[in-house]
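Peer 1: the following block contains a protein sequence and its predicted model.
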Amino acid sequence: MHGQLLEAAYESLRRLLTSFVISIVVGTTLGFLFARYRLLDDTLGFLVVALQTIPSIAWLPFAIIWFGMNDFSVVFITTLGATWTMAMSSRTGIMNIPPIYLKAAQTMGTGNGFRMFYQIMIPAAFPHMITGVRVAWAFAWRALVAGELIAKGVGLGQLLQDGRNLADTALMLCIVIIIAVLGTLSDHFCFKRLEDTILIRYGLAGQKK
């Protein structure tokens, strides 16, 4: 059983990290586009708000039909679970950047391209974005386990389903505790430390209460 738990945890984390990286890239890009282009914000932005209200597990039947009961289906719904939250937090963060930051950067020759995006906008929007990252991580966990409960393959969700089939309460409780511990440790030692480091680096630590 010990070996099964390690293998299941590894496979779940592999799917989770793959989905999370995709959701961060896609969500941040969408947030930037919504913040910079009013037409997109009024059209696709409204759609993203609507999609954010749909539970990720609702997309699993579609994913199974489109991709089959495999890893891709789980990665698909896990990515959806985190992308919309990341998009909205990025949009909010970028829209709340003080205009003087952008004007000062342009005056110093930064321009309006990719350099402006990663040197000015991302650091300035970070206090909003890190909240989105942490919430997206939690949503991704929920979507992952829900997907693994139904889709085939090795994972913590599948072990949880096996425990239910065997009426093994101890196994189910063990899986729930593992999920909680992994989620808490990753948030505390990764995202919280990243938040503190960035806030100190850009002189925003005093704004944190």
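Peer 2: That came through fine.

Peer 1: helices of the protein, residue ranges please.
Peer 2: 2-36, 38-52, 60-67, 71-95, 99-107, 114-116, 122-150, 156-165, 169-186, 193-201 (DSSP state H).

Peer 1: list the contacts of the residue nearest to residue 155 when sequence neighbours are not counted.
Peer 2: Nearest residue to residue 155, sequence neighbours excluded (C-beta to C-beta, 6 or more residues apart in numbering): residue 148, at 4.0 Å. All C-beta spots, glycine's among them, are computed from the backbone N, C-alpha and C. Residue 148 makes contacts with 12, 15, 74, 155, 156, 157, 158, 160, 161, as judged by C-beta atoms under 8 Å, 6 or more residues apart in numbering.

Peer 1: find the nearest non-adjacent residue to the third one, please.
Peer 2: Looking back up the chat, that one is residue 74. residue 147 (4.0 Å).

Peer 1: so that neighbour sits against residue 157, correct?
Peer 2: Yes: judged on C-beta atoms under 8 Å, residue 147 makes contact with residue 157 at a distance of 6.7 Å.

Peer 1: those two: which is more packed in?
Peer 2: residue 147 (30 against 24; other C-beta atoms under 10 Å).

Peer 1: what's around residue 87, how many residues?
Peer 2: Quick note: residue 87 (other C-beta under 10 Å) scores 28 neighbours.

Peer 1: quick one: pLDDT of it?
Peer 2: For residue 87, the pLDDT comes out at 89.

Peer 1: repeat for residue 12
Peer 2: In this prediction residue 12 is given a pLDDT of 88.

Peer 1: for it, what are its contacts?
Peer 2: 144, 145, 148, 155, 156, 157.
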